[in-house]
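Asker: model the following, please.
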Amino acid sequence: MMDDPVQFVTEDLPRILDSLRGSDIRELELTEGDTQLRLRRAAPSAGSADTQAEIEEAKLAGMESQVFRVTAPLVGTFYSASNPGDPPYVGEGSGVDDHTVVGIIEALQVLTEVEAGCRGTIATVLATDGQAVEYGQALFEVQPRG
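Answerer: Residues are numbered from 1 along each chain as shown. Down below sits the predicted model:
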């Protein structure tokens, strides 16, 4: 994962659910970019102490079909390869892990590597080589895998 403490991936969800089961927390909301996760525990009813938690867990299982967005950590110029004419670091269908370099952003003649931040497969390349990018702009969409 990148250094942003707010980021989470599907792999974190079982740990989050386990933490909630052993606590008095009734509601938790996590937001990252366009992805929002809200867990709300229902008041216990007779015979169904963990029913709501099980329902929420089932909903979260469907999150695996969602994508993780790799975003620009700073404003600058995005480059898909280390040198002009070289093949890009990754393309659609490329497998990545947390620390796979997926591109470079140049700002003030300083090159900053952009890492995938999760394990998965590149689903969509959103940035083009030489494109000016803004902080937080989505560069790639990654289909997470466990």
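Asker: now do the domain split for the chain, please.
Answerer: Per automatic domain parsing, the structural domains of the chain span 10-66, 69-144.
Asker: can you redo the ones you listed as TSV, where the extra columns are mean pLDDT and mean neighbour count?
Answerer: All C-beta atoms are positioned from the backbone trio N, CA, C, and that covers glycine. Output for these, formatted as TSV (pLDDT from 0 to 100; neighbours: other CB atoms under 10 Å):
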stretch	mean pLDDT	mean neighbour count
domain 10-66	61	12
domain 69-144	92	16
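Asker: now do the helices in this protein.
Answerer: 13-21, 51-61 (DSSP state H).
Asker: show me where the protein has its strands.
Answerer: Assigned by DSSP state E, the strands in the chain fall at 27-32, 35-40, 68-71, 76-79, 95-96, 101-107, 110-115, 120-125, 132-133, 138-144.
Asker: residue 17: which of those is closest?
Answerer: Closest approach to residue 17 among the strands of the chain is made by strand 35-40 (7.7 Å; CB to CB).
Asker: got the contact list for stretch 104-114?
Answerer: Stretch 104-114 is contacted by residues 70, 72-79, 82, 101-103, 133, 139 when judged by CB atoms under 8 Å, 6 or more residues apart in numbering.
Asker: let me know the closest of these to residue 29.
Answerer: Nearest to residue 29 among these, with distances taken as CB to CB, is residue 70, at 22.8 Å.
Asker: I'd like the distance between the closest one and residue 107.
Answerer: 17 Å (CB to CB, to the nearest Å).
Asker: no more questions from me, cheers.
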